[in-house]
Structures are given as C-alpha cells and as structure tokens.
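Visitor: Here's a sequence, model it:
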Amino acid sequence: MSVMALSRQPGVERLIERVRRTARSFRMRDEQAERRRLVSRLPRKPELSNVMDQKSGYAILPAGSLDGVETAAAFARQYRDEHRNDVAKKKADYNPTILEVKCYEDAPAIVDFVLSDNVLQVAADYLGEIPVLMGIKLWCTPPNQEAGKLKGSQMYHRDGQRWLLRRVKYLINMDQVDSECGPFTFLPADISERLSNSIGSIKEQGRVKDDVVFRTAKPTDTISLIGPAGTAAAVDSSRCFHCGARVQKGERLLLQFHFLPRADALHGGALRRTPAFTARYGDDPIRNLVMPRRSEHFVEHPDD
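Guide: Just a heads-up that it's a prediction; the model follows:
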C-alpha cells in the first residue's frame, strides 16, 4: 500500500488527528482548565441541563425554550425587511447570507442572545468547557429548487471534515418554517457515524449525494427543523450529516451560529471585540473567553 493510500485509511486519519489535537491541548492546558472551571459559574436553567445527548449529538428546543429568542427573531425579521433587496455576498444563488455579524454593533439583539446564559449553558454542557464563538450568520433563503440540481450545503455534509472534531451549532427559525421552506435537516450522530464508516476516508465526505446517504440511513431517520419563530436545534454539525436550503416555496429566515472547544478554535472566531462589547460585558470572564481577543489568545499552528 502506498503512503498516499495509507494516509486515507480512516484509522490512520483518526490517529493523526488525535496526535495533533493532544499536542494542541497540552500547549493550552492552563486555559482549558480555566474554561472547564468556569462552566460551573454559568447560571443554569434546569430544563436545559445536558439537553444535548452525547450519543445522538443534538437537541431540539421548542420555541420559548431559550430566553431572549423572541427579541432576536424580531430583530432578524426587521433586518430582513430593511435589507431584502441587498445583494448577498455569499451563496447568493441558493442560500443568501443577508447578515454576517462581525462586531457587537452590527446586531446587538442577536449578539446578546448568542451570549446569553441559556445558549452558553447548552454549548458548555456538551463540550465540557466555555467554548469559543466562531461566527454568526442570518440566512434568508428564497425558492431555489430545480429538479436534480443540488449544490453546496444543499447536499449532505459534516462541518470541518475531521473524525474527532466536535462543535455546537445552533440553527434557529426566525420566522415560521414548514416542510416546503427548505428546513435545516440532519441525521443523528450515531446514524451519521454508520454512514461515515460506510463511505471510508474523511476526504470523501465533503458533499454526499442523497442516494449514497439513503443506502445506509432511512428517510425516516432524518430530523427537520420545522416550526414557528424561536424553534431551535443545537446540533453537533461536525458529527451529524446535514443539509438545508432546499426551498420549494416561501422562504426560510434562519439564524446560525456555532461554538468550538478552544483546542479546535485555532485562529479564533469571526467576531471582534469593540468598545461597545466592552461597555456591555466589561470584564465578564465567561463572555471574554467566548469572544477572546485573537491577538492575545490565538497562535497559528503550522501543523494543522
């Protein structure tokens, strides 16, 4: 077997990942210990305790489960109405990003919600530490379905294309979403693992066609995020195969943001602290870890 073929064996891929991640964790062990310690400082809502199942890798949170989601949804709908005719910069032809939050001032109501106790509790419980916020996007997806023509994130995939990567991604309907609006759809992690093993190398799992998916999974295994504004899913999108934006009619207004453990957030998130963030959160140790200063806390690792 050639070196190239050996490197594409799932067992070898996992071993390489494990060695690299162990090395990163060792380098930042003091910071990781602080992040783990501070989990106990988060105010807790009992009904959200460990709500994300470690085996299946997700939780569905009915509208009203997360405090502050109504305010965020109202902001999102107003922003959509005011910017409906703007030209999207990303996925303009099938899943336009109408807002990518870069700082607190861009969307205070949304940032406050993303940094709220409820949201952080769910993510920290699952990941075992105060995580790093990687990005916030608001999608407004119009009808885009052409028979047999799926592209990009409309096809099943997992985020990050690594065997051992873990994350918490929130997908939250900002308006009513039904089955024809292209709801976010996913397979639980345990079923996704069977699918992943059947495909082989992680390098072959970037975009997976439906017929390949349903050789292993059943259509009834899929879970779709259908419901009114505020209906949410917290999903380990690095373990769970997922797709979306297959809109037949109507539109889908969806808020998406995600968190990574510190050892996997190599270069920090997309958001930057500003004076407005500092005025709002001051020296709050938890929020300052969720949105760390990149220049102070993040180092390029050439082996990753």
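
Visitor: can you list the weak-confidence ranges in the stretch 151-300 of the chain?
Guide: Residues of the stretch 151-300 of the chain meeting the criterion pLDDT under 70: 294-300.

Visitor: all strands in it, in order from the N-terminus.
Guide: 168-173, 185-186, 223-224, 232-235, 242-243, 252-260 (DSSP state E, counting those that start in this stretch).

Visitor: buried sites along stretch 112-129?
Guide: Buried positions in stretch 112-129, judged by neighbour count with 16 or more other C-beta atoms under 10 Å: 112-127, 129. Where you see a C-beta, it was placed from the backbone N, CA and C, and this is true even at glycine.

Visitor: returning to what we had before: for the strands of the stretch 151-300 of the chain, which one sits closest to residue 74?
Guide: strand 252-260 (11.6 Å; C-beta to C-beta).

Visitor: What strands flank the closest one, and is each parallel or antiparallel?
Guide: According to DSSP bridges, strand 252-260 has the following sheet partners: strand 132-141 (antiparallel), strand 168-173 (antiparallel).

Visitor: can you tell which of the ones you listed is closest to residue 263?
Guide: Residue 263 lies closest to strand 132-141 among the strands paired with strand 252-260, at 9.8 Å (C-beta to C-beta).

Visitor: starting at the chain centroid, how far to the closest one?
Guide: Distance of strand 132-141 from its chain centroid, counting by C-alpha atoms, centre = their mean, to the nearest Å, is 8 Å.

Visitor: Could you list the buried residues of it?
Guide: 132, 133, 134, 136, 137, 138, 139, 140, 141.

Visitor: ok, the fourth one - contacts?
Guide: The neighbourhood of residue 136, defined by C-beta atoms under 8 Å, 6 or more residues apart in numbering, consists of 100, 101, 107, 110, 111, 114, 255, 256, 257, 270, 271.

Visitor: out of those residues, who's nearest residue 23?
Guide: For the contacts of residue 136, the nearest to residue 23 is residue 270 (25.2 Å; C-beta to C-beta).

Visitor: can you count the residues close to that closest one?
Guide: For residue 270, the neighbour count with other C-beta atoms under 10 Å is 16.

Visitor: Wait, it touches residue 100, no?
Guide: Yes - between residue 270 and residue 100 there is a contact under C-beta atoms under 8 Å: 7.2 Å.

Visitor: overlap in contacts of those two?
Guide: 135, 136.

Visitor: Do a quick rundown of the helices in the stretch 101-250 of the chain.
Guide: 108-114, 117-127, 189-199, 210-216 (DSSP state H, counting those that start in this stretch).

Visitor: what residues does the third one touch?
Guide: Counting by C-beta under 8 Å, 6+ apart, helix 189-199 makes contact with 10, 55-58, 158, 186-187, 202, 205, 208, 212-213, 215-217, 221, 236, 239-241, all of which sit outside it.

Visitor: what's the closest of the helices of the stretch 101-250 of the chain to residue 65?
Guide: helix 117-127 (7.7 Å).

Visitor: how far out from the middle of the chain is the closest one?
Guide: Its chain's C-alpha centre and that of helix 117-127 lie 13 Å apart, by C-alpha atoms, centre = their mean.

Visitor: Kindly report the same for stretch 171-190.
Guide: The gap between where stretch 171-190 is centred and where its chain is centred comes out at 13 Å by C-alpha atoms, centre = their mean.

Visitor: Mind listing what's buried along it?
Guide: For stretch 171-190, using 16+ other C-beta under 10 Å, the buried residues are 171-175, 177, 181-189.
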